[in-house]
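Engineer: got a sequence here, can you build the structure:
(one chain, ligands or ions: 1)
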Amino acid sequence: MRIGILGSGLMGGRLGVVLARAGNQVVFSYSHSRQKLEQLAREAGGKARAGTPAEAGRGADVLLLAVHWSRVDEVLGQAGSLSGKVLLTCSLPMSEDDTHMVIGHTISGAEALAAKVSRTHVVSAFSTVPSEVLFPVFERRKKEKPPDLVYCGDNEGAKDTAAGLIRDAGFNPVDIGPLSMARYVEPFSLLVAQIAYNGSDGPEIAYWFERFLKLES
Ligand SMILES: NC(=O)c1ccc[n+]([C@@H]2O[C@H](COP(=O)([O-])OP(=O)(O)OC[C@H]3O[C@@H](n4cnc5c(N)ncnc54)[C@H](OP(=O)(O)O)[C@@H]3O)[C@@H](O)[C@H]2O)c1
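Structural biologist: Below you'll find the predicted structure:
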């Protein structure tokens with residue numbers, strides 16, 4: 001899969017490295033530092049490279065949007081037409097100072113994003129885990145039970161692509177339905193962040209959903 005990373009910070013940088021190591025072709029873009037993008041490409045190995053958002057968009061099957069909400073319009077503007085492509089988003093609709101969500105309840109950030117990019121298949125994924133857990137999960141893949149990772153979207157083909165990348169990253173994809181489910185995903189992501197960053201045991205956390213069978217009476 002050819003993947004363009006739009007936003008090569010904590011999430012985009014680490015997910016890009018993991019997905020490249022899983023065998024995908026990755027272009028890292030959108031950082032203040034070209035050197036950082038090149039360093040990420042070296043770290044990722046294989047055919048990974050640094051580029052501009054336009055270069056990341058060109059020829060990509062999938063774009064990963066991993067920027068602060070305030071930078072979404074700018075980076076999409078630089079990426080050019082994304083028509084027909086899959087746009088995976090882990091970006092949360094946070095205020096400038098990251099203290100609260102600026103969108104919620106009746107619409108989600110992912111749906112607002114989909115309204116900006118017509119004919120692009122938006123899938124919400126990866127926002128529910130902190131960046132710090134990405135490398136540990138990837139390193140343990142195929143050895144231990146994978147943690148779950150919820151995703152949602154309105155296009156089945158795009159969701160199949162997303163599920164493959166979620167597996168590549170070492171998680172078990174859990175399809176929770178249409179993109180409107182991002183209204184629940186985004187606050188859940190903040191709950192996970194609260195546990196990750198305000199607990200005392202460190203941010204390297206992921207989650208499982210256990211189904212408990214009914215006991216025979
Ligand atoms: N971090 C997490 O654990 C986590 C978890 C779930 C969801 N999220 C969401 O994922 C998204 C990304 O979060 P993050 O923590 O990865 O953010 P981040 O580390 O700040 O990464 C953002 C990237 O955008 C680049 N950027 C910002 N402004 C720019 C500009 N004017 N020109 C060029 N590049 C610019 C940054 O450049 P530099 O490389 O120069 O810094 C960086 O590469 C956010 O919406 C966040 O809410 C994050």
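Engineer: helices and strands around the lengthiest helix in the chain, which ones?
Structural biologist: When the chain is parsed with DSSP state H, its longest helix is helix 182-198. Applying 3 or more CB pairs under 8 Å, 6 or more residues apart in numbering; DSSP states H and E, one finds that helix 182-198 contacts helix 109-116, strand 121-125, strand 148-153. No exception for glycine: its C-beta is placed from N, CA and C like everyone else's.
Engineer: in that helix, which residues are buried?
Structural biologist: Residues of helix 182-198 classed as buried: 182-183, 185-186, 189-190, 192-193, 196 (neighbour count, 16 or more other CB atoms under 10 Å).
Engineer: what about the closest residue to residue 50 other than its chain neighbours, which helix or strand?
Structural biologist: In this structure, residue 50 finds its nearest non-sequential neighbour in residue 37, 3.5 Å apart by CB to CB, 6 or more residues apart in numbering. Assigned by DSSP states H and E, residue 37 belongs to helix 34-44.
Engineer: does the ligand sit close to that helix?
Structural biologist: Yes. Shown here: helix 34-44 in contact with the ligand (CB under 6 Å from any ligand atom) through residue 36.
Engineer: what's the answer for stretch 91-102, then?
Structural biologist: Yes. Using CB under 6 Å from any ligand atom, stretch 91-102 reaches the ligand at 91-92, 94.
Engineer: these two touch, right, residue 138 and residue 166?
Structural biologist: No. Residue 138 is not in contact with residue 166 according to CB atoms under 8 Å; the separation is 11.5 Å.
Engineer: between the two, which one's more packed in?
Structural biologist: residue 166 (24 against 19; other CB atoms under 10 Å).
Engineer: what about residue 179, how many neighbours?
Structural biologist: Residues within reach of residue 179, counting by other CB under 10 Å, total 24.
Engineer: okay, it: pLDDT?
Structural biologist: Per-residue pLDDT puts residue 179 at 98.
Engineer: pull the most distant pair out of the buried residues of helix 182-198.
Structural biologist: 183 and 196 (21.3 Å; CB to CB).
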